[in-house]
Structures are given as C-alpha cells and as structure tokens.
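1. With the input below, show me the fold.
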Amino acid sequence: MNHYCTYFDRIYLTHGVALWNSIQQHDPGAVLWVLTLDDTTAVVMRGLRQEDLRVVTLAELEAGDAALAAAKANRSRVEYYFTLSPCWPDWLLRTRSEIPAITYLDADLYFWSSPAPIFTEIEAAGASVGITAHRYSPGLEALKVWGSYNVGIQYFRNDEAGRAVVADWRARCLDWCYDRYEPDRFADQKYLDAWPERFGRAVHVVAHPGVNVAPWNWRGLRWGGSAVLPTVDGRPLVVFHYAKFRLLGSGIWDSGQLEFSVMPRGRRVRLYEPYWQALHAAARTTGMTAPSATRGARVGWRKWVMRALFGPAWWRAGGCWIALGLGPLGRYGGALMLARRGKKISMTA
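-> Model prediction:
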C-alpha cells in the first residue's frame, strides 16, 4: 500500500480531488493524506467519507509543530505554503508509524498511468529519497537558476536516511523560505540542488521521462502513443504537472505556459481536455458547479501584449482549446522572455 500526501486550499480543491481520483484509478488501495488549508476544504474533503482519504487540518499540524506555527508570522501566505512542503511529510513520518514511505505530490499533478515505475526505480537504486529534475526544454536551460529539481513530486522512505533528508529540508525552510532568488536558495525549491551531493546514494533522481512532465519540459520530449495513454520518449506518461493551469472565467483558462512553451492545439487537446473533464468531475463530486477561478491578479499591459503574441490563454469550445493570440509563436515565448528579462522569470505557481 502506497501513501501519498498533498495540501491545498479551496482554490485548488477541484485540482486536489482530480489528483485523488487519478490515484484511485491507477494505484487502487493507496492512501492520500490531505492537509487542508481552510475550513471549506476540510469540510468538503471530510464529506467525501472515503476510507483511504485521510484529512488533517492546518490547525492540527501547527499544534504539533511549534516552529512552523511561529514561522507564519514572518512570511507571506504563499511563502508560508512553501514552508509547508517539508513540514507536512516530516510530520507524517514522525507521527504516523504505519507509513513505510510517503510520496509528496503538488495538488495540480494528475496520474495518467500506474506510478509503479517510480517506486521500482527508487528501490532498484537502493535510495531512501526520490526527486525529479526539471529537465527544461531547449532554450529554457537558464531557468536552472531557480532550481535544477522540482518540488512537485518527492519520495521519502520512513527510515533513518529518509527522515534525515526531510528534517534537514524542514530546518532550512523554517529558517528561510521566501519568494525571491538569492544565491543557493529560492523558496522551498533550490535547497534540493544540494541533495545528491550532500546525501549521496540516499537520494535518487528519477530518470523515467514520463514522470513530472510539465510546461517547462514537454517540448524536449518525443511524443507518441494514443489519446488514452500518451508516451514520452517511448515510455508511458505516468504523471503530468498542470502547473499554473487556472480558470480565468467564461470558459477561458490560463494555460500557465506563457513563460515556457505554449503547446500546439493537437497536443493541448490530448493532454488538457481529459484534465478539464477530470476537474469538472471533481467539481460535481464536491458539490461545486465548476472548478474555482484563480484569485484575481493585476496584469500589466506588457503581459497582455505578450499573451496576445504567444497565445497562452485558451478558450475551450466544443472540446477544442483555442489560443487567444498568435499561437504558433507561443513555442518560443519562454525563450524570448528569458532573453529579454534574464533570470527574472519566476518558477513559482
């Protein structure tokens, strides 16, 4: 039995339920531990009344972690959420002896096939920790300044080595976890860069190309397979990271790809239409009429010009995903923005 954990608030509620549904489909019998970040999310998730879904409130976690609760006063909400990334799995490994290993997942991940290859690869390496590289698409390599490894999916075995890694990460994030770049650190993510050298064979970088495919690396892969099960570099797509994919309103979605590479229509229909269906199924399950729209954010005129040029905003019409802009240029948007702005493109969601 595999154990997973994630955390989210009401804005990502349908994403989190869609993730859980995909786990149930591809890893039957697995347990998902959900840290709920507001009362609405806690009520809805507990209301699902599913045995393998374990709900813990943020208040419960803070009550058992005084240092985490204290950190809340010296960082923004999003920075506090970043701080939860190590504290949540660390708390589970310390307090739930029935968990042999925990796999942390961002709420906007979605499984397309069995996660078994992830665990098989880590076990074969004899490692206690598994992480994934960003594997940036050609032209986006400069984004490594924000971190070579992605926080979206990580595996920690409940043994001495696994607990030591997550405890070290927790301590560093409690000390400093801010949404700004500094040498050798950025939010919760850049700390991972030192893990392979610091912890040696205890840490394994998952090599399967179908694990943590995302907007920042899809263009560097060879796609094949079917609409039901795509393949990447000849291997099944295991889990896709729908980072920054958010409803703007009136059937228009922000693909989250402006600063990376905007997918051509055929591929976005194959990858994002099933996820749209999953989000709406999750909305019905939770009693919502549709996935929550993203929090309002002011967008300057320059970004609107970039959106018009590169087409990262998509309108769903009859199962098609139409780019609201000059779509063909979108594949090069991230590289052009990097060339213009240097390392100022942020990797935070």
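2. quick one: contacts of the longest strand anywhere in the chain?
-> Identified as the longest strand of the chain according to DSSP state E is strand 149-157. Counting by CB atoms under 8 Å, 6 or more residues apart in numbering, the neighbours of strand 149-157 from elsewhere in the structure are 85, 89, 93, 100-106, 109, 118-119, 122, 127-134, 162-163, 165-166, 188-189, 192-193, 195, 205, 211-212, 214, 239, 241, 243. The C-beta positions use only the backbone N, C-alpha and C, and glycine is treated the same way.
3. Please enumerate the strands of the stretch 101-250 of the chain.
-> When secondary structure is read from DSSP state E, counting those that start in this stretch, the stretch 101-250 of the chain shows strands at 101-105, 109-111, 129-133, 149-157, 181-182, 185-186, 203-205, 211-213, 223-225, 230-232, 235-236, 239-241, 246-249.
4. What mean pLDDT does the fourth one get?
-> On average, the pLDDT along strand 149-157 is 98.
5. That strand pairs with which strands?
-> strand 101-105 (antiparallel), strand 129-133 (antiparallel) (DSSP bridges).
6. now residue 315, what's its secondary structure?
-> Using DSSP: H, G, I helix; E, B strand; the rest coil as the criterion, the local structure at residue 315 reads strand.
7. How many residues are close by it?
-> Residue 315 has 14 neighbours, counted by other CB atoms under 10 Å.
8. For beta bridges, what are the partners of it?
-> With DSSP bridges as the criterion, residue 315 is bridged to residue 252, residue 322.
9. any idea how far residue 306 is from it?
-> 17 Å (CB to CB, to the nearest Å).
10. nearest to residue 76, of the strands paired with strand 149-157?
-> Distance to residue 76, taken as CB to CB, is lowest for strand 101-105 among the strands paired with strand 149-157, at 21.4 Å.
11. Using PDB, write out every CA atom in that closest one.
-> Listed next in PDB are the C-alpha coordinates belonging to strand 101-105 (Å, rounded to 0.1, in the frame of the first residue of the first chain):
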ATOM      1  CA  ALA A 101       7.200   5.800   2.900                       C
ATOM      2  CA  ILE A 102       5.400   9.000   1.900                       C
ATOM      3  CA  THR A 103       5.300  10.500  -1.600                       C
ATOM      4  CA  TYR A 104       4.600  14.200  -1.600                       C
ATOM      5  CA  LEU A 105       2.500  15.500  -4.600                       C
END
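12. hmm, who's touching it?
-> If you take CB under 8 Å, 6+ apart as the criterion, strand 101-105 is touched by 2-6, 19, 33, 85, 88-89, 92-93, 115, 118, 130, 151-158, 162.
13. Just the buried residues from those, in PyMOL please.
-> In PyMOL, selecting the buried portion of those, with burial taken from 16 or more other CB atoms under 10 Å, looks like this:
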select buried, resi 2+3+4+5+6+19+33+85+88+89+92+93+115+118+130+151+152+153+154+155+156+157+158+162
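14. Make a markdown table out of the strands paired with strand 149-157 and add distance to residue 177 and mean pLDDT.
-> Putting these into a markdown table (distance: least, CB to CB, whole Å; pLDDT from 0 to 100) gives the following:
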| stretch | distance to residue 177 | mean pLDDT |
| --- | --- | --- |
| strand 101-105 | 15 | 98 |
| strand 129-133 | 18 | 98 |
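15. Nearest to residue 65, out of those?
-> For these, the distance to residue 65 is smallest for strand 101-105, at 15.7 Å, taking CB to CB.
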